[in-house]
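>>> no sequence on this one, just coordinates:
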């Protein structure tokens, strides 16, 4: 179909992508506390209002750019839940690992640095990852102790990020993604739906 | 028995304790990279040679003072291994959690800050925790893929420290220690002796 730009993403996706890449660079350089909406907008050559329009502010942009979620936090639980409940852990670990691996260790180290230097980044993690991803995941399963299970899942996934990317613990750091999924997923599944005693 | 100072620890234990407390304060203030053997010795009002005598250097002192191991790293595997193999995960999580809880969140945040600011601290973690604790633990069990299993254990324990102390994810952060042991130990046990696929 001549004239149609096939494979071209819509302009709104371009804007998001450019803002995420600018944010990633600025957060990596400055840490969470040091980075400003104005700096990120300048790096992207856009008006600062675009960040509020597309992401709703610095916290949510941090989550998408640096925590490297494959979805908006509010959507991830629903996406991972689409499928058999007893393969939930597997889908979750595989999805998150694919995104993290493609992002590389530098991003994960930036997250760690942000946690160490800023209480705001820790608060952003709690609100964006725990409250919008792990907690809805556990709650929709209608299991007991959903909040406790959510934090146990967060402990394993945060530890996996720490060990694989920031501490570079071998052979976990270089292991084939599917090997990691097979090893870790049943543990995540137990935290979600298993007997915790 | 008059004249005998019952309950008094031997002088060598006093020296170790004073050095560990001084090191904890200096590492918390300066981070791993900024802290020097000389500063720690000055804080303890001792000669710097005592640090080499009692700990063998800054790395090992960092491990005992900040990573808060209940034993010397070289001994921990042997200590935890004393008992049924199928309760290994439980003994390990209970032992480590007791020490970490008594140390408080400040120490764990200091560890995190050290990782973020110093490649030396990351290297110290690899050499002191992975090579001397998790790896010997997995190797003595004569399981397959001991090195991979050791790094999986490290990921869960590092993530538990991160979630409970540094990120303060509730209700995990305030949960009764035995509740945490019951929840986490079977996952650690699976990493050590279970089927990883």
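Nice, thanks for sending it over. This one's a predicted model, so the numbers in the text were calculated from it and none came from an experiment.
>>> Thought residue A:30 was touching residue A:114, still the case?
No: Residue A:114 lies out of contact with residue A:30 (C-beta atoms under 8 Å); the separation is 9.5 Å. In short, each C-beta sits where N, CA and C put it, glycine included.
>>> Give the burial count for residue A:146, as a bare number.
18 (other C-beta atoms under 10 Å in any protein chain shown).
>>> which residue packs closest to it, ignoring adjacent ones?
Of all residues not flanking residue A:146 in the chain, residue A:138 sits nearest, at 3.9 Å (C-beta to C-beta, 6 or more residues apart in numbering or on different chains).
>>> how deep is that neighbour tucked in, by neighbour count?
Counted with other C-beta under 10 Å, residue A:138 comes out at 24.
>>> and it, helix, strand or coil?
What DSSP: H, G, I helix; E, B strand; the rest coil gives for residue A:138 is helix.
>>> Who are the contact partners of it?
A:146-147, A:149-150, A:153, A:192 (C-beta atoms under 8 Å, 6 or more residues apart in numbering or on different chains).
>>> ok, now how distant is it from residue A:97?
Computed as C-beta to C-beta, to the nearest Å, the residue A:138 to residue A:97 distance reads 20 Å.
>>> May I see the buried residues of the helix or strand harbouring residue A:41?
Here residue A:41, judged by DSSP states H and E, is contained in helix A:37-44. Using 16 or more other C-beta atoms under 10 Å in any protein chain shown as the test for burial, helix A:37-44 gives A:37, A:39-41, A:43-44.
>>> Now chain A against chain B: closest residue?
Closest residue of chain A to chain B, C-beta to the nearest C-beta: residue A:159 (2.0 Å).
>>> confidence score at that residue?
In this model, residue A:159 is scored at 93, pLDDT.
>>> Tally up the residues packed near the nearest residue to it once chain neighbours are set aside, please.
Of all residues not flanking residue A:159 in the chain, residue B:159 sits nearest, at 2.0 Å (C-beta to C-beta, 6+ apart). Applying other C-beta under 10 Å, we find 24 residues neighbouring residue B:159.
>>> okay, residue A:114 and residue A:30: which has more neighbours?
residue A:114 (26 against 17).
>>> Next up, the contacts around that one.
A:27, A:31-33, A:62, A:66, A:121.
>>> Please name every helix or strand in contact with the longest helix seen in chain A.
Longest helix of chain A, by residue count under DSSP state H: helix A:11-34. Judged by 3 or more C-beta pairs under 8 Å, 6 or more residues apart in numbering or on different chains; DSSP states H and E, helix A:11-34 is in contact with helix A:37-44, helix A:49-55, helix A:58-65, helix A:105-117, helix A:119-125.
>>> Would you reformat those helices as JSON lines and include mean pLDDT?
Shown next, in JSON lines, are the helices and strands packed on helix A:11-34 (pLDDT from 0 to 100):
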{"stretch": "helix A:37-44", "mean pLDDT": "95"}
{"stretch": "helix A:49-55", "mean pLDDT": "90"}
{"stretch": "helix A:58-65", "mean pLDDT": "79"}
{"stretch": "helix A:105-117", "mean pLDDT": "71"}
{"stretch": "helix A:119-125", "mean pLDDT": "73"}
